[in-house]
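Peer 1: Give me a 3D structure for the following:
(2 chains)
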Amino acid sequence: MIGITSYGAYVPWYRIDRKVIYEAMGWLNPVALLPGEKAVASYDEDSLTMAVNAAMDSLKGIDRNTIDGVYFASVSLPYKVRQNAAIVATALDLRPDIRTADFTSSTKAGTTALVAACDAIKAGSAKKILVCASDCRPTRAGSSQQQAYGDAAAAILVGKDDVIAELQEAHSLSYDFADRWMADFDRFDRISEDRWVRDEAYTKFISEVILGLAKKCSLNPKDVSKLALPGLYAREDAGIGKRLGLEPGQIQDHLLDTVGNCGAAHPLVLLAAALEDSNPRDNIVVTSWGSGSDALLFRATEKVGDLTGKRKGVQGALASKNMLTNYAKYASFRNVGSVDLGMRAETGVPWDQKPLSWRNRKALLGLVGSRCRKCGTPQYPPQRVCVNPSCKAIDEMEEYRFSDKKGQLFTYTEDYLGFTLNPPALYGMIDFDGGGRFNFELTDCQPGSLKVGMPVQMSFRRKFVDEKRGTYFYFWKAIPARE
Amino acid sequence: MGSIKDKVAIVGMGCTKFGERWNAGPEDLMVEAFTECIDDAGIQPKDIQAAWVGTQFTEVNQGVSGLPLAQALKLPFIPVTHVENMCASGSEALRGACYGVASGVYDVALAVGVEKLKDVGYGGLPEMSLGAAGKYESLLSPNMTAPGMFAMMATRYFARYGLSPEEGKLMLAKVSSKSHHNGTLSEKAHLRREAPVEVIMKAPIVAWPLGLYDCCGVSDGAAAAIVVRADMAKNFRPDPIYIKALQIADSSGEEMMYTDYDYTHVETTTRAAAKAYEEAGIKNPREEISMAEVHDCFSITEAVTMEDLQFSPRGRVKEDIDAGRFNLDGEQPIQTDGGLKCFGHPIGASGLRMMYEEYKQLQGKCGPRQVKNPKFGLTHNLGGFPPRCVISAFIVGL
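Peer 2: Below you'll find the model as predicted:
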């Protein structure tokens, strides 16, 4: 039997009522005002310290020498280089011959680490792996992130013996959906328009991942005892449950008005809270959000009550608190950034408009064009109306990938006027073998080396960097055929 | 399909001095062209019943809508429409005025083209990667410039017709040198110096194989026209100029994405020209068109345009260039005022600036650059790039 053998949680002692922030800063969009309070890490805490404290809670009564690995998930890791999980393992005084890894860059990293840990146990390469998830995300003054984000951590111990909740099934989705992003040079994350995120991705992906999970293990929604949703939009979570046919009592409390959205830790904090309050044979579904979603189904065993009272857990952590009544204190604790002015304060139109890039992701990142079913003409970018003048069929297209096609340089120029980091800008018209034509930048070749008709192939490159908006844009360029 | 031939006439025109007009804004340029225009037509602003204004880069100019023109000229609460069709924007303004009058709704209409390019703080055109491609295609297109996209036509033309780079560049140098000579005779032109072929050949490359002198200038300017019903034209002046054809054609997309297009001609020009000749009743353009102002944004554009307009046989424009056919004293003078090459190309103004030259030539008012007994003049704009463009081909005559 593979599953959860222990759990722990950590919520910092300090809380702040969102009204205190609102009175000090105002929100750019007060319509979105969330009720309640959120947890605030003290001046001497960060995601790593909270992870260690949650782990300590989970390891009570457990021999540290039996732990074979630590997976640490967070999008607010203190170190980019120097493994954070290794610091956690050392702080926990674990053996050195163990496997440690950081999981990051998406708030689904917590559940992804949990899935990976279960897989390692299943594969027999470890007996016990400790999964820690913790986030303490820096925010700008008055930003909607400052309103929403709270600080907290959870730890889930995965193993084969003394399982309190058995893993039944896991299902994952990967979508490059930029609801929030943070470039390597950024200190704060950036968010896209809520309406787009909510309607185009959040409700769709969460429903898709739950239905995918349910299908895999023939789970009937009415048999779900507790569904933990990612809590990005509290109101949507109720709607998602309703559409799946769940009663409000089957949805795990989202903790948004007591802890706040705690990033990669959020699904694991909710999972710990659910385990604290479970009966044998309860079906617990936990879902996550970020660049897609993971969903896991656990079934509580007869042993689920064994840890009751032996863990501080979420309930215990929430019971102990101290309210910050002063925004300046909060700001100094959390090293709050300058005032958030929102996207409307940025001058100029961004190159990369996120909804547009999402809608056209196959063409932009995958160099997928279309081929007419009527006349067979490949075309890029994908067209609705066939470009072949003797065809012009409407909506008769199938997908056609150009990235792996070779082609020939039909004509070209060396441009000394257009901006490029490596002048002159080389670009030309490419005719693909098998059909299709478009203009592409040429790279990895020298001025003077281009010839009409020379063979070329495609190569994935960085196309531009928008430092103002923390965005890297990737695309395909042509290079001289090399093999 | 109907025809505009001889239904409307131009009875007044104005054109600013073109150049780096550091001390003039778009409003100043509009007023300057307008003042000359209504004086030439002998009318008052209150006589104008409707107006059209063409500008491309509204965001670095006077702004969107017809309001900036109405306010700069204090037009009396009449309908004013802003039109944009890239480099054909000025021609579109004239086309709007002509159709407005031809519809019978208006007797007197104003067309203005204006563009203020020199406020952006750098050379070349303002950043226009968006162009006609839209936000989506701007992400997947190279950071193309106009010189680069026309240079690719030269690359391909040289390859197809077996010209070495030196032979090809010499052909193009003769095109530019001819226009520079005409520019010296043209008081309103921006660049007014001779450019010998040897100098042109040695100039720095902008986008291979095009060098500095293969590219037209970038300047500020405006031009304007008063359009009236043909049957009233002689009430205004004894020598009105009549519209014979107004044709526009837009690329279908096949040149850019379908492999039939050869990139050594402009398909859109050939289509628009054929329709314009039909509308004007012209059978043999090489013999019947007395002169033309074509869209010489780059030397290669003028060269292939001679073939696309049927002035030269396909692939043989070099023979006509070498023979001096298009020089001021040749059989079919082209760019008699120096063209975009010497006037520069304030986008929205160019179409009407070209028409200004044809109008003055047909009236016999061009002094040292006067063409002998012209009968038909043609103006041609190319907006965009050879594989994706909008073309205007207009014909006027006595």
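
Peer 1: Could you use CA atoms for every contact and neighbour count after this?
Peer 2: Noted.

Peer 1: who's the nearest residue to residue A:406 once chain neighbours are set aside bridged to?
Peer 2: Nearest residue to residue A:406 in three dimensions, chain neighbours excluded: residue A:457, at 4.7 Å (C-alpha to C-alpha, 6 or more residues apart in numbering or on different chains). Legend: beta-bridge partners of residue A:457 under DSSP bridges are residue A:479.

Peer 1: Can you give me the buried ones in stretch B:6-24?
Peer 2: B:6-21, B:24 (16 or more other C-alpha atoms under 10 Å in any protein chain shown).

Peer 1: ok, now which ones touch residue A:307?
Peer 2: Residues in contact with residue A:307 (C-alpha atoms under 8 Å, 6 or more residues apart in numbering or on different chains) are residue A:6.

Peer 1: Which pLDDT value belongs to it?
Peer 2: Residue A:307 is assigned a pLDDT of 93 by the prediction.

Peer 1: Show me where the chain dips below the pLDDT cut-off.
Peer 2: In the absence of a named chain, chain A is used. For chain A, applying pLDDT under 70 flags the ranges A:29-32, A:483.

Peer 1: please go with chain B instead
Peer 2: B:128-131.

Peer 1: all helices of the stretch 301-450 of chain A, in order?
Peer 2: Assigned by DSSP state H, counting those that start in this stretch, the stretch 301-450 of chain A shows helices spanning A:313-319, A:327-334, A:354-359, A:361-366.

Peer 1: hang on, I meant the stretch 1-150 of chain A
Peer 2: Under DSSP H, counting those that start in this stretch, the stretch 1-150 of chain A gives helices at A:18-25, A:47-58, A:84-91, A:109-123, A:144-148.

Peer 1: Buried deepest among these, which one?
Peer 2: Per residue and on average, the most neighbours among these fall to helix A:47-58, with a mean of 25 (mean count of other C-alpha atoms under 10 Å in any protein chain shown).

Peer 1: Okay, angle between that helix and helix A:84-91 too, please.
Peer 2: Between the axis of helix A:47-58 and that of helix A:84-91 there is an angle of 50 degrees, by axes from the mean of the first three to the mean of the last three C-alpha atoms, to 10 degrees.

Peer 1: for chain A, what are the nearby residues on the stretch 1-150 of chain B?
Peer 2: By C-alpha under 8 Å from any C-alpha of the partner chain, the part of the stretch 1-150 of chain B that sits against chain A consists of B:124, B:135-137, B:139-145, B:147-149.

Peer 1: ok, back up a step: and the helices of the stretch 301-450 of chain A as CSV, adding distance to residue B:216 and mean neighbour count?
Peer 2: Below are the helices of the stretch 301-450 of chain A laid out as CSV (distance: least, C-alpha to C-alpha, whole Å; neighbours: other C-alpha atoms under 10 Å in any protein chain shown):
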stretch, distance to residue B:216, mean neighbour count
helix A:313-319, 72, 18
helix A:327-334, 58, 16
helix A:354-359, 35, 17
helix A:361-366, 34, 19
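
Peer 1: returning to that earlier point: which among the helices of the stretch 1-150 of chain A is found nearest to residue A:354?
Peer 2: Among these, helix A:144-148 comes nearest to residue A:354, with 18.4 Å by C-alpha to C-alpha.

Peer 1: starting at the chain centroid, how far to that closest one?
Peer 2: 17 Å (C-alpha atoms, centre = their mean, to the nearest Å).

Peer 1: Please name every helix or strand in contact with that helix.
Peer 2: Of the remaining helices and strands, none touches helix A:144-148 by 3 or more C-alpha pairs under 8 Å, 6 or more residues apart in numbering or on different chains; DSSP states H and E.

Peer 1: do that again at 10 Å, thanks
Peer 2: Other helices and strands packing on helix A:144-148, by 3 or more C-alpha pairs under 10 Å, 6 or more residues apart in numbering or on different chains; DSSP states H and E, are helix A:18-25, strand A:37-40, strand A:190-191.

Peer 1: Surely residue B:171 forms part of a helix?
Peer 2: Yes - Residue B:171 forms part of a helix when assessed by DSSP: H, G, I helix; E, B strand; the rest coil.

Peer 1: Verify the stated contact: it with residue B:316.
Peer 2: No - in this structure residue B:171 lies outside contact range of residue B:316 using C-alpha atoms under 10 Å: 11.2 Å.

Peer 1: who has more neighbours, those two?
Peer 2: residue B:171 (21 against 14; other C-alpha atoms under 10 Å in any protein chain shown).

Peer 1: how far away is the more buried one from residue B:296?
Peer 2: 14 Å (C-alpha to C-alpha, to the nearest Å).

Peer 1: just residue A:250 next, same as before
Peer 2: From residue A:250 across to residue B:296, the span is 73 Å (C-alpha to C-alpha).

Peer 1: One more: residue B:322?
Peer 2: For residue B:322, the distance to residue B:296 equals 18 Å [C-alpha to C-alpha].

Peer 1: Count the residues that sit near residue B:356.
Peer 2: By the criterion of other C-alpha under 10 Å, residue B:356 has 23 neighbours.

Peer 1: what helix or strand is it on?
Peer 2: helix B:347-362 (DSSP states H and E).

Peer 1: residues in contact with the nearest residue to residue A:24 once chain neighbours are set aside?
Peer 2: Nearest non-adjacent residue to residue A:24, counting by C-alpha to C-alpha, 6+ apart: residue A:327, 6.4 Å away. Applying C-alpha atoms under 10 Å, 6 or more residues apart in numbering or on different chains to residue A:327 gives the contacts A:16, A:17, A:18, A:19, A:20, A:21, A:22, A:23, A:24, A:25, A:141, A:333.

Peer 1: give me the beta-bridge partners of the second one?
Peer 2: According to DSSP bridges, residue A:37 are recorded as the beta-bridge partners of residue A:17.

Peer 1: Please give the number of neighbouring residues around it.
Peer 2: 20.

Peer 1: What of the first one?
Peer 2: Applying the criterion other C-alpha under 10 Å, we find 23 residues in the vicinity of residue A:16.

Peer 1: again with residue A:125
Peer 2: Residue A:125 has 12 neighbouring residues, counting by other C-alpha under 10 Å.

Peer 1: which ones are touching it?
Peer 2: Residue A:125 neighbours (C-alpha under 10 Å, 6+ apart): A:68, A:99, A:117, A:119.

Peer 1: Kindly present those residues as TSV, with separate columns for distance to residue B:161.
Peer 2: Below are these laid out as TSV (distance: C-alpha to C-alpha, whole Å):
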residue	distance to residue B:161
A:68	73
A:99	67
A:117	67
A:119	65
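
Peer 1: nearest to chain B, of the contacts of residue A:327?
Peer 2: Nearest to chain B among the contacts of residue A:327: residue A:141, at 32.0 Å, using C-alpha to the nearest C-alpha.

Peer 1: what's the closest non-adjacent residue to that closest one?
Peer 2: residue A:339 (4.5 Å).
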